[in-house]
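Enquirer: Got a sequence here, can you build the structure:
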Amino acid sequence: MTAQTRANLVTRAAQIRNETAGFANDEVRVGGLFQDLVDSMPIVTVAGLTPTLSDTATATANTAILQAAVIAASNAGGGIVVIPTGLFYFQHGLLDVNVVCQLDGLSRVIIVGSGIGATRLRLINGADSSFFNLTGASSYIGIFDMELDGNRANQTPSIVHGIRGDAFAGLWLGHLYIHDTSHYGIGIEGYVQQFMFFSNIKLENLGGDGFDQKNKADSNLYQVANNITVTNFGLSSGTQAGWDCRGAWQMSNYVCHFSNTDGSGFRIRNGETNTVAGGGYGGHRSHISNFEIYGPGAASSSTGVEVVGRDVTFSNGYIRDVLFGLSCSYDTPTSQGGQRGVFTGITAEAYGTAGFITSSGATDNTFDNCTANGFNSSNVATGTYGFRIRSTDCTVDTPRALGNTSADLSIDTGGTRTHITQPRSLGAGSPGVATTGLDVNAADCKCIGGDISGHVVNVSVTAARFKMVSATVRSATTDNVLFAVGGDDGSLIGCTVTGATSEGVQTRAARTKIIGGEITSNGGNGFQSESTASDCLVKDVTFSGNTADFDDQGTNTVFVRSNVLSSLLNQAVASGGTSSNIDTPILSGTTVLFMVEAIMEDSTGGTGLRCTQRTKIEVTREGTAAPTITGSASDFTAGSGLTVNSSITANSLRVNVTKAASGTSCRMDIRVWELRRMKTVVFS
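Expert: Numbers count the residues shown, from 1 in each chain. The predicted structure is shown next:
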C-alpha cells in the first residue's frame, strides 16, 4: 500500500509540473514543491476508522481519528495520510462544528484514499458540515483519490461545502468525486489564495456552485485546473454557477451539465469587494480551453459562459440549451469587467436570446471563428440573435450564424466601430431564416469579405459610415442591401450583390457610395435610390441581368463608369479618309457623358506616336424615345488634323474620326469611354 500510494502521488506530481509549466517559479512553488513533498514525507495509514456504521458515536469517533492523524502529520513536519478502502461516516468536528477535518494552520499534509468508489467519506444525518477546511496559515495541502458524499437530503440547509478554503498557499486536489453537498462542492471564500492545482474532479448534485471563489486580495496566483466535470448545481438557490471564480485560472477540459434555470455554466467576474485598487479584483486574465456546457433549455434564464472579468480567453468550446451562449458584461460599481476578451473556436447552439452577446461597456472583445447556430435538436430555430454586439471596438472574425429569427449578426446602437471579417450568414433553405443577416445600428462599423445570403434583408444599415468591402450578398427575399434613413455615408466597395427578389441595393440615406464590384440578376432594380436619398455615387459597377439597372428617385445621384464600352484598334485611315464606325447603345431613361479618344500613329503603325486627342459627348435618352446629343466639348487640338464625327443610329451613339487631307495615311486606336451615367427624369 505504501509503495503504491507513493507511486500514484509521483504520477500526480509529474502531472502538476507539466500543467504548470511556464509559470514563474513553478519548479519551486507549484509543481516542484509537491514533488519534493511526495519524495520525502512519511506515509501513515489512518488506523481505527470504523466502516459502514452510520450511528453518531461511530461517526464522532471516525472524525476524531482523522483529525488527530492530520494534526500529527503536520506537527511532524509533514506527512502523507492514507484513508483506507471503505465507506466511512463522519460527524461535525471537535475543533469546528462546521467542519469534519479542520486544516487551519496545518502545513505539508497530503490526504490520500484508495480511489473514487473505494474510499468514501459520508456525512451522517444532521452533520451540517464541510469535510475539509483550510484557513489562516494553511499551506501545501493535498487531497486525492476519494469520494466525499455530503448527504444533502439529510442535512439542515446551510452554507457548508465539500471542501472549504480561506487564506492559504498551496492546495492540490485530484481524482475526487464530491457530491450532494448543502452548498458549494468546493468553496474558496476569500483573501489570499495561491498555488492551486485541481485535476480529475467531478462535482455533482450541489446546493450551490460547483466551485466558488471569492478573491478579496487580488493575489490569486498560479491557479490551474483540468479535467473538471460539474453536474446539477444550484439545487438550494438560484443564480449559481458550475464554476464561479474571482481569480485568474488556467483551465482545460471542463464539462458542465445543469438544470438550474437561472444558473451559469461558467462565470468569471470581478472580486467580492468593489474597488479597483491594485488593478482590480476578480477573475481577470483567466484562460479556459476545451470546454462543453449544456444548460436547461433556451426558454430558461441561464447563461453558458458569463464573463465580467477582463483580459480573459476562452477557446475550443461548445455551449447549448441556454438563454445566452456567451455573455460579456460590464460591472458598473467597479468600472471594469467584460473587456478585452478573446473567444476562439466556440460553437453555441439551441440558445434563446443570443449565441454571443456583449453589453454596454464590455469593450474591445474579439470573437474569432465562432459559430452561432440557433437550431435545436428538432431543427427548430430557437435563437433570436446569433451575435449581438452592444459595446464599442469589438472584432468578429470569421463568424458563422444560422437559425436565428431576428438577425444572425446584430450590431446594436452601442456597438460603434465593430469590425467583422469573413462572415457566413446563410439563411437560404433554413426553417428559421433570420429577418436580417447583418443588422448595423451603430456608427463606423466595417465588414470585410464574407457571404451573407437568403434572408428577408441580407444587410440592413441604419447608422452612419458603414463600410462593406469585397463581400458577397445574395438571394434576399426582398432587398439584398438596404441603407435606411440614418445610414448616411455608407459604402459598398468591390462587392457582389446578386439574386434578390427585389432590389440589389436600395438607399434612403445620404451620400451612399457603391464603388466597383457587380450588381446582377436582381428581381427589381440593381440600384434604387428613394426620395430621401441624396448625393449618392455609383462608380465602376458592372450591372447585368437585373429587371432594371437603375431607379433613381433621389437628389444629385452620380453614376460614373470609367470602363471602355467600345473600341477600334489599329485602324488604317488614309489621308482625307474616315475611320470605321463605333456604335455604343444608349439605355432608356439615361443621360450619359462619353469620352472619345483617338491615338494617331504614323503610317507604319510602328513607333512614332504623333498625338492623342480626346473629346466629350453627352447623350440623353428620355424614356424609350430616340437618344439625342445634348452637348459636346472637343478637346481635339486645333491643327491636329483629326475631327470626331457623332450621330445617333438605332438608339446608339455612333462615332468615327476623320483625318485631314494632308500628309500621309496613319493608324489610329479609337476608344469610347463612359464617364458618367445619370437617370433621366421627365416632368409632365
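Enquirer: only C-alpha atoms for contact and neighbour calcs from this point on.
Expert: Will do.
Enquirer: all strands of the stretch 51-200 of the chain, in order?
Expert: Here the stretch 51-200 of the chain has its strands, by DSSP state E, counting those that start in this stretch, at 79-82, 86-90, 99-102, 107-112, 119-123, 130-134, 138-149, 163-165, 168-179, 186-188, 193-204.
Enquirer: deepest of those strands, which one?
Expert: Highest mean neighbour count among the strands of the stretch 51-200 of the chain (mean count of other C-alpha atoms under 10 Å): strand 99-102, with a mean of 28.
Enquirer: Pairing partners for that strand, with directions?
Expert: strand 130-134 (parallel) (DSSP bridges).
Enquirer: who's residue 371 bridged to?
Expert: With DSSP bridges as the rule, residue 371 is bridged to residue 347, residue 400.
Enquirer: Excluding residues flanking it in the chain, which one is nearest residue 236?
Expert: Among residues not flanking residue 236 along the chain, residue 207 sits closest, at 4.4 Å (C-alpha to C-alpha, 6 or more residues apart in numbering).
Enquirer: name the element that neighbour belongs to?
Expert: Under the assignment given by DSSP states H and E, residue 207 is not contained in any helix or strand.
Enquirer: doesn't residue 182 make contact with it?
Expert: Yes. In this structure, residue 207 is within contact of residue 182 by C-alpha atoms under 8 Å, at 4.9 Å.
Enquirer: Identify the contacts common to these two.
Expert: Shared contacts of residue 207 and residue 182, defined by C-alpha atoms under 8 Å, 6 or more residues apart in numbering, comprise 152, 236.
Enquirer: list the contacts for the residue nearest to residue 236?
Expert: Residue 207 makes contact with 152, 180, 181, 182, 183, 184, 233, 234, 235, 236, 237, according to C-alpha under 8 Å, 6+ apart.
Enquirer: One more: residue 61?
Expert: residue 49.
Enquirer: where does the chain have its least confident helix or strand?
Expert: Every helix and strand of the chain was ranked by mean pLDDT, DSSP states H and E. The lowest is helix 26-29, at a mean of 48.
Enquirer: And the pLDDT at residue 611?
Expert: Looking at residue 611, its pLDDT is 68.
Enquirer: What's the first helix or strand after the least confident helix or strand of the chain?
Expert: With DSSP H and E, the next secondary element past helix 26-29 is helix 31-40.
Enquirer: Outside of that next one itself, which residues are in contact with it?
Expert: Contact with helix 31-40 is made by 6, 9-10, 13-14, 16-18, 20, 26-27, 78, 80, 108, 140, as judged by C-alpha under 8 Å, 6+ apart.
Enquirer: ok, so of the residues you listed, who is nearest residue 627?
Expert: residue 20 (79.8 Å; C-alpha to C-alpha).
Enquirer: starting at the chain centroid, how far to the helix ranked longest in the chain?
Expert: Longest helix in the chain by number of residues, with DSSP state H as the criterion: helix 56-75. Put simply, helix 56-75 sits 51 Å off its chain's centre (C-alpha atoms, centre = their mean, to the nearest Å).
Enquirer: Tell me the buried residues in that helix?
Expert: Within helix 56-75, the residues that count as buried by 16 or more other C-alpha atoms under 10 Å are 56, 58-67, 69-71, 73-74.
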